[in-house]
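**Q** Sequence first, then the predicted structure:
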Amino acid sequence: MKLKRQTLIKAAVLALACGVLPAAFAQSYPARPVRVVIPFPPGGTLDTVGRMLAQKLSEQTGQAFVIENKPGGNGIIGADIVAKAPADGYTLLFNASTFTTAPMTMKSTPYSVVKDFAPVALVAKAPLSVAINKNLPITDIKSLVAYAKANPGNMSFAVGSIGSAGHLSTELLKRSDNLNFMIVPYKGTAPAFQDLIGGQIAGFIDPILGSLQYHKTGMLRVVAVTSSTRTPNLPDVPTVAETIPGYEFYSWYGLWGPAKLPADITAKLNTEVNKALTGEMRDKLTPQGLLVTPGSVDDFIKFQREDMARTQKLITEGNIRVE
C-alpha cells in the first residue's frame, strides 16, 4: 500500500510539472538574447522596420533582440535557417509578404510556409504607388486605362522581382480592366526606377517609399496608391479603387517562429509586438506610408491564409514562375 501511495505521489508531481514548467518557461522568456533573421540585405524598408521592432522588443523585455541579415535565394536561405531552428523562441523570422508568395513561383523550396512556421504577429502593411513616366499623358487611373487600351501591347510596366507585391499588384491591375501591357522584370527596384525616369518603361508599381522623393521632385508622377484609403504622405493622390472599385493591394511585414513554437511563447511575443507598435514606432512608420497592424495570433493566421489564397490565384492565372 505504501509503495502504491508513493507511486501515485510521483505521478501527481510529474503531471503537475508537465503543466507548470511550460508556463514558468514562458514567464521567464526571454532569458537570453533572441536572434531575428531578416533574409535580405540591410538597408531596405524590411530591414528598417525589422530593426525598429527589434529595438523596441529589446527595451520592453530587457533582453537583446539581435538582427541577423541572411540574404540569398530570394529570401529562401534565411527563412530555411529559421525553419530548421529549435522551436524555443530564440530564433525568429522577420520577413515581407514575398515570404509567402516566393514558394508559389519556384519549382521547389526546402520548407512549407504553412507547415514549418508559426505565425506570431502581423506588424505593418505598406500600400504601393502607381508611378508613371512624367512625359506620358497619364495623370490618373482613368487616363492610364485609356492610354493602355489605345496602345495595346505597347505599354510596359516594370517589376522589381518576379512574384513581388509590385508584380502581383501589376497583374491585378491588368486583370481589373482587361488591360494589355507588357511586364518587364528587373533585378531590383533601383534600375527599374532609372528606366522609368529615363522613359524606357511607362510605369512601375512598388511600395510608396521608393517613389515618394522622385514624385515630390517631379522626376516621375505617382497617379494612384493601392490602399483602400488615401495615405497621409500622399493625401492628394487618389486610390486605384476610386476608379476601379474593389482594387486593393499591400506589401506587408510579419514575425514568425519555427513550427511547434510553444503557444505561451507565441502569445507573449504577440503581446510584446502589439505593445511595440504603439506610440513612437507607430508615429515613425505612419508618415512613411506604413500602416501598423496590431492584432492577435489568430488574426495573423487568418490574414495570411486569405492573402495566400488570393495571391495563389493571381500567380496561377498569370502563370508567374521564376526561371
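**A** Okay, I see it.
**Q** what ranges do the strands span in the protein?
**A** Applying DSSP state E to the chain gives strands spanning 34-38, 65-69, 91-96, 117-132, 156-159, 182-185, 203-207, 221-225, 250-258, 291-292.
**Q** so what's E248 up against?
**A** Neighbouring residues of E248 by Cβ atoms under 8 Å, 6 or more residues apart in numbering: T226, S227, S228, V240, A241. Quick note: C-beta positions are derived from backbone N, CA and C, even for glycine.
**Q** Pull the number of nearby residues for the residue lying closest to the second one once chain neighbours are set aside.
**A** Taking Cβ to Cβ, 6 or more residues apart in numbering as the measure, S227 lies nearest to P127, with 3.6 Å between them; neighbours along the chain are not counted. The burial count assigned to P127 is 26, neighbours taken as other Cβ atoms under 10 Å.
**Q** What score does P127 have for pLDDT?
**A** The model reports P127 with a pLDDT of 93.
**Q** Name whatever forms a beta bridge with it.
**A** Y250 (DSSP bridges).
**Q** how much space is there between the residue nearest to D80 when sequence neighbours are not counted and A83?
**A** Counting by Cβ to Cβ, 6+ apart, D80 lies nearest to P110, which is 4.9 Å off, once chain neighbours are set aside. Using Cβ to Cβ, to the nearest Å, we find P110 at a distance of 7 Å from A83.
**Q** Looking at the two, which is more packed in?
**A** More crowded of P110 and A83, by other Cβ under 10 Å: A83, with 22 against 13.
**Q** Now do the contacts for that one.
**A** P110, Y111, D116, F117, P258, A259.
**Q** Next: F157.
**A** Counting by Cβ under 8 Å, 6+ apart, F157 makes contact with T170, F181, M182, I183, V184, I201, A202, G203, F204, I205.
**Q** cool, and T189?
**A** G160, D206, G210.
**Q** one more time with 10 Å
**A** 44, 158-161, 164, 166, 196, 204, 206-207, 210-211 (Cβ atoms under 10 Å, 6 or more residues apart in numbering).
**Q** For burial, what's the neighbour tally of the nearest residue to it once chain neighbours are set aside?
**A** Nearest non-adjacent residue to T189, counting by Cβ to Cβ, 6+ apart: G160, 4.2 Å away. The number of residues packed near G160 is 22, by other Cβ under 10 Å.
**Q** so G160 makes contact with D195?
**A** No - in this structure, G160 is not within contact of D195 by Cβ atoms under 10 Å, at 11.6 Å.
**Q** between those two, what contacts are shared?
**A** Y186, F204.
**Q** Would you map the helices across the stretch 101-250 of the chain?
**A** Under the criterion DSSP state H, counting those that start in this stretch, helices of the stretch 101-250 of the chain are mapped to 141-150, 165-176, 189-198, 208-216.
**Q** coming back round to it: my read is that the residue nearest to D80 contacts D116, right?
**A** Yes - between P110 and D116 there is a contact at 8.9 Å, judged by Cβ under 10 Å.
**Q** who touches both of those two?
**A** By Cβ under 10 Å, 6+ apart, the residues touching both P110 and D116 are A79, D80, A83, K84.
**Q** now those as TSV including pLDDT?
**A** TSV is the format used below for those (pLDDT from 0 to 100):
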residue	pLDDT
A79	97
D80	97
A83	98
K84	97
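**Q** Scan these and report the most crowded one.
**A** Highest neighbour count within those: A79, with 26 neighbours (other Cβ under 10 Å).
**Q** Verify the stated contact: that residue with K70.
**A** Yes - counting by Cβ under 10 Å, K70 is a contact partner of A79 at 8.6 Å.
**Q** so what sits against both of the two?
**A** With Cβ under 10 Å, 6+ apart as the test, A79 and K70 both reach V37, P39, L93.
**Q** just to revisit the earlier point, tell me the two of the contacts of F157 that are most distant?
**A** The distance between the two most remote of the contacts of F157 (Cβ to Cβ) is 13.9 Å, for M182 and I205.
**Q** Could you list the single helix or strand in this structure with the lowest mean pLDDT?
**A** Every helix and strand of the chain was ranked by mean pLDDT, DSSP states H and E. The lowest is helix 2-28, at a mean of 50.
**Q** follow-up on the earlier one: drop anything exposed from the contacts of A83.
**A** Buried members of these, counted by 16 or more other Cβ atoms under 10 Å: Y111, D116, F117, P258.
**Q** want to try CSV for these, with pLDDT as columns?
**A** Formatted as CSV, the buried ones among the contacts of A83 follow (pLDDT from 0 to 100):
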residue, pLDDT
Y111, 96
D116, 98
F117, 98
P258, 98
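**Q** quick check, nearest of these to A276?
**A** F117 (20.4 Å).
**Q** show me what contacts the residue nearest to the closest one when sequence neighbours are not counted?
**A** The shortest distance from F117 to any non-neighbouring residue, by Cβ to Cβ, 6+ apart, is to W256 (4.5 Å). Residues in contact with W256 (Cβ under 10 Å, 6+ apart) are 37, 79, 82-83, 92-95, 99-100, 113, 116-121, 266, 300, 304.
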